[in-house]
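> Sequence and predicted structure are below.
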Amino acid sequence: MGRKMNEHLFHYTGKQEICRVNLPNDGTKTRSNPAIKITIFCFYTILVYNISMNTKNTTGFERVHKILGTQNGIVRTADLVALGIPTAYLSIMEKRGDIERISWGVYQAPSLLEDEFFLFQSKYKAAYFSHETALYLHDLTDRTPLFFTVSVPSTYHSSDLSDSSHKVFYVRSNMLKMGIIHIQSPHGNTLKVTGVERTIVDLLRSRSRVEDQIIFDALKRYARLKSKDVDLLFRYAESFRVHTILRPYMEVLL
């Protein structure tokens, strides 16, 4: 009661009197003070104001458009942070209709068809496509996935992912990166996915959760591949302890 207050006027790039807040002048810690939160909000408001009003300097907008061009019409908040570009540009561009938000921290050009594979991995960065979804991406099945099949570290926990309709497999850390490659999605974005040989081994390893017909069809298509690496396939099979299951199939098909 009755403590002395100083009125602080927030200044930023010459624009004044956008926000006015009262802060204590008695040495009190203000970490949880609502005024601090207001000040942070004011800073962001003023930053957005100055960016939107400074039409002569379009460097920031041009840099965001460059990211969109190099990432097939997709830009993420993390992309701007990595390049030191204020994320306020995304808010302004969204309001102007230049981009639209399709998930938390992910934006795309309005005319772009949604890349569900890329958006999924943007949301669940620890996940990589495996099993049936990997078969589809490698053209080893005719079945279009109704849901995604992914693998994640055994220590990874996401209630959102666990409660979804997607099929999730958990992998020990020492096996996690074995046979993981990067390919292009149908829309041209980079995806993490198990390679062909690792995918075949995963199907056998998780055969209780995969239809027998899917496994057999995938093995037949693999056997016809000119690019197959049977030695690598058996190395993965030994690492995951399914080589005795794999061998009879390969003896018939090769």
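Yep, it's here. Numbers count the residues shown, from 1 in each chain.
> OK, contacts around the nearest residue to Thr77 once chain neighbours are set aside?
Spatial nearest neighbour of Thr77, excluding adjacent residues (C-beta to C-beta, 6 or more residues apart in numbering): Gly105 at 4.0 Å. No exception for glycine: its C-beta is placed from N, CA and C like everyone else's. Gly105 is in contact with Arg76, Thr77, Ala78, Ser122, counting by C-beta atoms under 8 Å, 6 or more residues apart in numbering.
> can you put those residues in JSON lines and add pLDDT, distance to Glu197 and neighbour count?
Converted to JSON lines, the contacts of Gly105 look like this (pLDDT from 0 to 100; distance: C-beta to C-beta, whole Å; neighbours: other C-beta atoms under 10 Å):
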{"residue": "Arg76", "pLDDT": "88", "distance to Glu197": "31", "neighbour count": "19"}
{"residue": "Thr77", "pLDDT": "91", "distance to Glu197": "36", "neighbour count": "14"}
{"residue": "Ala78", "pLDDT": "89", "distance to Glu197": "31", "neighbour count": "13"}
{"residue": "Ser122", "pLDDT": "82", "distance to Glu197": "27", "neighbour count": "18"}
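> okay if I get those as JSON lines plus distance to Val171?
Below are the contacts of Gly105 laid out as JSON lines (distance: C-beta to C-beta, whole Å):
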{"residue": "Arg76", "distance to Val171": "25"}
{"residue": "Thr77", "distance to Val171": "28"}
{"residue": "Ala78", "distance to Val171": "24"}
{"residue": "Ser122", "distance to Val171": "21"}
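> of all these, which two lie farthest apart?
Thr77 and Ser122 (10.1 Å; C-beta to C-beta).
> Please enumerate the shared neighbours of the two.
Common neighbours of Thr77 and Ser122 (C-beta under 8 Å, 6+ apart) are Gly105, Val106.
> circling back to that earlier point, looking at the contacts of Gly105, spot the one nearest Tyr222.
Of the contacts of Gly105, the one sitting nearest to Tyr222 (C-beta to C-beta) turns out to be Ser122, at 29.7 Å.
> Surely the closest one and Ser103 touch.
Yes: contact criterion C-beta atoms under 8 Å: Ser122 and Ser103 qualify, at 6.9 Å.
> Point out where this structure drops to low pLDDT.
Applying pLDDT under 70 to the chain flags the ranges 1-58, 111-113.
> Kindly recompute the last result at 50.
Scanning the chain for pLDDT under 50 picks out 1-24, 28-31, 37-38, 40-41, 43-57.
> coming back round to it: mind checking which of the contacts of Gly105 are in strands?
Arg76 (DSSP state E).
> and which of the contacts of Gly105 is nearest His243?
Ser122 (35.8 Å).
> what bridges to the closest residue to the closest one other than its chain neighbours?
Nearest residue to Ser122, sequence neighbours excluded (C-beta to C-beta, 6+ apart): Val106, at 4.9 Å. Beta bridges link Val106 to Arg76, Ser103, judged by DSSP bridges.
> contacting residues for Val106?
Ile74, Val75, Arg76, Thr77, Leu119, Ser122, Lys123.
> what about the second one, how many neighbours?
The one in question is Val75. Using other C-beta atoms under 10 Å, Val75 is surrounded by 25 other residues.
> unless I'm mixing things up, it is touching Ile67, no?
Yes: Val75 is in contact with Ile67 according to C-beta under 8 Å; the separation is 4.8 Å.
> What about Arg241, how many residues nearby?
Residues near Arg241, counting by other C-beta under 10 Å: 10.
> now it, what's its secondary structure?
coil (DSSP: H, G, I helix; E, B strand; the rest coil).
> can you pull out the helices in the stretch 1-150 of the chain?
34-53, 59-70, 77-83, 88-96, 116-123, 131-137 (DSSP state H, counting those that start in this stretch).
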